[in-house]
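>>> Curious how this folds, go ahead:
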Amino acid sequence: MMKTRPLSLSTPITHISKAAFLHLIPFQFATSATERSFSDSDAWEEGEEGDPSPIIQDHDLLRKSNNSPTSLNVLDLIDRGSIEPDPEIYNRLLKRATHMKKLKEGRIIHAHFLGSKFKSDLFILNTIINMYAKCGSLSDAQKAFDEMRLKDMVTWTALITGYAQNDRAEEAIALFPQMLRQGLKPNQFTFASLLKAFGAAQSNERGRQVHAFCVKYGCDLNVYVGSSLLDMYARYGDMKEANLVFDGLSCKNEVSCNALIAGYARKGEGEEAFKQFWKMQRAGFEATHFTYSSVFSSCASIGALEQGKWVHAHMIKSGCKLIAFVGNTLLDMYAKAGSIEDARKVFDRLDKSDVVSWNSMLTGCAQHGRGKEAIQRFEEMLRIGIEPNEITFLCVLTACSHNGLLNEGQFYFELMKRYNVEPKVEHYVTIVDLLGRAGLLDQAQRYINDMPIEPTAAVWGALLGACRMHRNMELGAYAAERVFELDPHDSGPHVLLSNIYASAGRWSDAARVRKMMKDSGVKKEPACSWVEIENSVHMFVANDDSHPQREEIQKMWEKISAKIKEVGYVPDTNYVLLFVDQQEREAKLQYHSEKLALAFALLNTPPGATIRIKKNIRMCGDCHSAIKFVSMVMEREIVVRDTNRFHHFSNGFCSCGDYW
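Numbering: from 1, shown residues only. The predicted model follows:
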């Protein structure tokens, strides 16, 4: 009878027959299928002497074993003496559990390892901490760490990394000084993980201290540590320091480039993000999904539709697939940059639409005045079983508010209870806005008084905006006083109240509010409009005379103004909030920033081309009326994006239906 010896997973089996090996496998696996699997090429490796030798494959490592103490087949084989245990067996098992995110199996392997003669093996104990951290069980990782009698730098780094990667920055940060007190020297992996944690922290002071440690230990020029450093500074919004770190890297890669681009994107500095993207291309680095996602976010923030289209084409040409999170940012870019049609196309082509995709589409519908479409899509979302979250409901409520869908908005607010979504202050703001826009100002005030949470400045600000719209001076003054108490440094409410008084001819009260602003150091943001022509952005402010084409622009608008007056445009001088005569009021209206931007675009774009204008405050009623007439007489589609929404002007009509 042939004698067999225990088998090891770490070396080929060269001295045992196939029949003897199969005899050692539990009966339920020793089938003809098992024999075939061991005769396949992927189940055999050449031994040292060229003999075919069966090796247990990675996909069999966590195979279950019924009616056994451990429930894992390989551990049972070890217990029966069929496999000779060694640290490599446990290492392979733990790596497989980590890769598959099998926490239950990882705990079983850990317990079995502690019962072996290798239970003090530092390498395997470090692997166990890493396994728990990667599987998301920081309590198990911390317990394993605390029970270790001997720890090295890898041990500390594994736990620091675990906390950092699981968004528990403070715990990761607290471990660093403890590690230093043990006399251990941190390495590049320690610093990379620590800096990720500091990037999520509130203050950058401690992050700067760790930067000093990076320099002290000679790790600051390492590309991964450097990328983490600049990512940390970028998350703090300190792009100057992030650039200094980037420029100091002796070797740059896609990771460092992406960190810098993402930093500019998060800060809303879209043009700088684009510059870094071009530099990345010229340097020969390949753009990744993260690169495109950041660039699309930048396009969305500044409304750069043409540049966004170019980057989209670049992504397609490079062969980068439209995976979920990139598809969501692309969809968001098209919606926020003004093309709801392109946003729809991207949405329809997504392989898998998640709640983020639906929320982006709903937001686009709301911003573009497609209230009924937003409701239809929301109902479809519920039908196919996607669970709405608080952002979903906020999108739907905003769409209802922008389109005067009063009953629908109130219905969906109540629907939040069915999905266990607790209303936040943002949801209450939309209901106040919904009631206020509909002219139900007293009802809106009662709603605020009955709210289960304390009203914020944003809640009272929504009522103030509605009072400005409906010219209710008394309630507007009351709402403004509440806003001043809660947020005295916001210029918007001061300007709104001043405008309410000015509209009613109460110039002394308007002047009093302006003086209050001056005394409090509150400064009004100047009204600006932007228009992009051939990848160049042109900015205009009211009564702007600094543009090189100022004379042509003024003559163009005078010509347009004469044309639209012929077809019914009448300047609404109520929007000139200065104590001047009627003639001067009308003259002031003609040089609002969006009108100057429109005249410039008409001068510098081919006939029939769509014009896209962005404005940093809400468009005034007179400009809204004038641009409707311009879209008709000039036969142009004109898209204006202000702080509230998009206005699509075409053939004398606006997509908002004059409800805005």
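>>> what about the stretch 1-150 of the chain, any weak spots by pLDDT?
Across the stretch 1-150 of the chain, residues meeting the criterion (pLDDT under 70) sit at 1-55, 67-70.
>>> Please enumerate the helices of it.
18-24, 32-39, 73-79, 87-100, 103-114, 122-134, 138-147 (DSSP state H, counting those that start in this stretch).
>>> The helix ranked longest in the chain - contacts with which helices or strands?
If you go by DSSP state H, the chain has its longest helix at helix 550-566. Counting contacts by 3 or more C-beta pairs under 8 Å, 6 or more residues apart in numbering; DSSP states H and E, helix 550-566 is packed against helix 593-604, helix 621-633. Heads up, the C-betas are built off the backbone N, CA and C, glycines and all.
>>> Paired strands for the helix or strand following the longest one, with orientation please.
Reading on from helix 621-633 to the C-terminus, the next helix or strand found by DSSP states H and E is strand 638-641. Strand 638-641 has these partner strands in its sheet, going by DSSP bridges: strand 611-615 (parallel), strand 646-650 (antiparallel).
>>> relative to helix 593-604, how tilted is the first one?
Interaxial angle, strand 611-615 versus helix 593-604 (axes from the mean of the first three to the mean of the last three C-alpha atoms, to 10 degrees): 160 degrees.
>>> With the last one instead?
Direction vectors for strand 646-650 and helix 593-604, defined by the same axes, to 10 degrees, enclose an angle of 50 degrees.
>>> Any chance of a markdown table for the helices of the stretch 1-150 of the chain, columns mean neighbour count and distance to Ser357?
Formatted as a markdown table, the helices of the stretch 1-150 of the chain follow (neighbours: other C-beta atoms under 10 Å; distance: least, C-beta to C-beta, whole Å):
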| stretch | mean neighbour count | distance to Ser357 |
| --- | --- | --- |
| helix 18-24 | 14 | 50 |
| helix 32-39 | 12 | 41 |
| helix 73-79 | 22 | 41 |
| helix 87-100 | 20 | 28 |
| helix 103-114 | 19 | 29 |
| helix 122-134 | 23 | 28 |
| helix 138-147 | 16 | 31 |
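>>> among those, which is nearest Asp167?
helix 138-147 (10.3 Å; C-beta to C-beta).
>>> so the closest one versus helix 122-134, what angle?
160 degrees.
>>> Could you pull up the mean pLDDT of the longest helix of the chain?
Mean pLDDT, computed over helix 550-566, is 93.
>>> for stretch 453-465, same thing?
pLDDT averaged over stretch 453-465 gives 93.
>>> just to revisit the earlier point, in the longest helix of the chain, what counts as buried?
553-554, 556-557, 560-561, 564 (16 or more other C-beta atoms under 10 Å).
>>> ranking the helices and strands packed on helix 550-566 by burial, who's on top?
Mean neighbours per residue, mean count of other C-beta atoms under 10 Å, is largest over those for helix 593-604, with a mean of 24.
>>> who touches that one?
Where contact means C-beta atoms under 8 Å, 6 or more residues apart in numbering, the residues beyond helix 593-604 that reach it are 527-531, 533, 538, 540-542, 544, 547, 549, 552-554, 556-557, 560, 611, 613, 615, 619, 623, 626-627, 630, 634, 636, 638, 640.
>>> Would you mind writing the CA trace of that helix as CSV?
In CSV, the C-alpha atoms belonging to helix 593-604 read as follows (Å, rounded to 0.1, in the frame of the first residue of the first chain):
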residue,chain,number,x,y,z
SER,A,593,-24.8,93.0,-18.4
GLU,A,594,-26.8,90.3,-20.1
LYS,A,595,-27.9,92.7,-22.9
LEU,A,596,-24.3,93.7,-23.6
ALA,A,597,-23.2,90.0,-23.6
LEU,A,598,-26.1,89.3,-26.0
ALA,A,599,-25.2,92.1,-28.4
PHE,A,600,-21.6,91.0,-28.4
ALA,A,601,-22.6,87.4,-29.2
LEU,A,602,-24.9,88.5,-32.1
LEU,A,603,-21.9,90.4,-33.5
ASN,A,604,-19.5,87.5,-33.3
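>>> next one: it to chain centre, how far?
Here helix 593-604 is found 33 Å from its chain centre; the criterion is C-alpha atoms, centre = their mean, to the nearest Å.
>>> For it, the averaged confidence score.
pLDDT averaged over helix 593-604 gives 94.
>>> Would you agree Ile386 falls within a strand?
No: Ile386: not assigned to a strand; according to DSSP: H, G, I helix; E, B strand; the rest coil it is coil.
>>> Tell me if I'm right that it and Asn359 touch.
No: using C-beta atoms under 8 Å, Ile386 is not in contact with Asn359; the gap is 10.0 Å.
>>> out of those two, which sits in the busier spot?
Asn359 (24 against 17; other C-beta atoms under 10 Å).
>>> any idea how far the more buried one is from Phe393?
10 Å (C-beta to C-beta, to the nearest Å).
>>> re earlier: with distance to Tyr292 as extra columns, can I get the helices and strands packed on helix 550-566 in a markdown table?
Written out in a markdown table, the entries for the helices and strands packed on helix 550-566 read as follows (distance: least, C-beta to C-beta, whole Å):
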| stretch | distance to Tyr292 |
| --- | --- |
| helix 593-604 | 29 |
| helix 621-633 | 34 |
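>>> Nearest to Thr190, out of those helices?
helix 593-604 (52.3 Å).
>>> can you give me the angle that closest one makes with helix 621-633?
Going by the same axes, to 10 degrees, helix 593-604 makes 20 degrees with helix 621-633.
>>> quick check: angle from helix 593-604 to helix 550-566?
Using the same axes, to 10 degrees: helix 593-604 against helix 550-566 is 100 degrees.
>>> So for Cys219, which of the helices of the stretch 1-150 of the chain sits nearest?
Taking C-beta to C-beta, helix 122-134 is the member of the helices of the stretch 1-150 of the chain nearest to Cys219, at 20.2 Å.
>>> and the closest one with helix 87-100, angle?
Going by the same axes, to 10 degrees, helix 122-134 makes 10 degrees with helix 87-100.
>>> From the contact counts, what lies against helix 122-134?
Secondary elements touching helix 122-134 (3+ C-beta pairs under 8 Å, 6+ apart): helix 87-100, helix 103-114, helix 138-147, helix 153-165.
>>> is it possible to export these to JSON lines including distance to Tyr447?
Below are the helices and strands packed on helix 122-134 laid out as JSON lines (distance: least, C-beta to C-beta, whole Å):
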{"stretch": "helix 87-100", "distance to Tyr447": "52"}
{"stretch": "helix 103-114", "distance to Tyr447": "47"}
{"stretch": "helix 138-147", "distance to Tyr447": "43"}
{"stretch": "helix 153-165", "distance to Tyr447": "44"}
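>>> Out of these, which gets nearest to Glu373?
helix 153-165 (39.8 Å).
>>> helices or strands up against that closest one?
Against helix 153-165 (3+ C-beta pairs under 8 Å, 6+ apart) you get helix 122-134, helix 138-147, helix 169-181, helix 188-200.
>>> Put together a markdown table for these, with distance to Ala444 on each row.
Formatted as a markdown table, the helices and strands packed on helix 153-165 follow (distance: least, C-beta to C-beta, whole Å):
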| stretch | distance to Ala444 |
| --- | --- |
| helix 122-134 | 50 |
| helix 138-147 | 46 |
| helix 169-181 | 41 |
| helix 188-200 | 39 |
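>>> Quick one: closest of the ones you listed to Arg514.
helix 188-200 (42.0 Å).
>>> Now do the helices in the stretch 301-450 of the chain.
305-318, 324-337, 340-349, 355-367, 371-383, 390-402, 406-415, 425-437, 441-449.
>>> Take these and write them to CSV, including distance to Gly207 and mean pLDDT.
Listed next are these as CSV, based on distance: least, C-beta to C-beta, whole Å; pLDDT from 0 to 100:
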stretch, distance to Gly207, mean pLDDT
helix 305-318, 31, 91
helix 324-337, 26, 91
helix 340-349, 37, 93
helix 355-367, 29, 94
helix 371-383, 40, 96
helix 390-402, 30, 95
helix 406-415, 42, 96
helix 425-437, 31, 96
helix 441-449, 41, 96
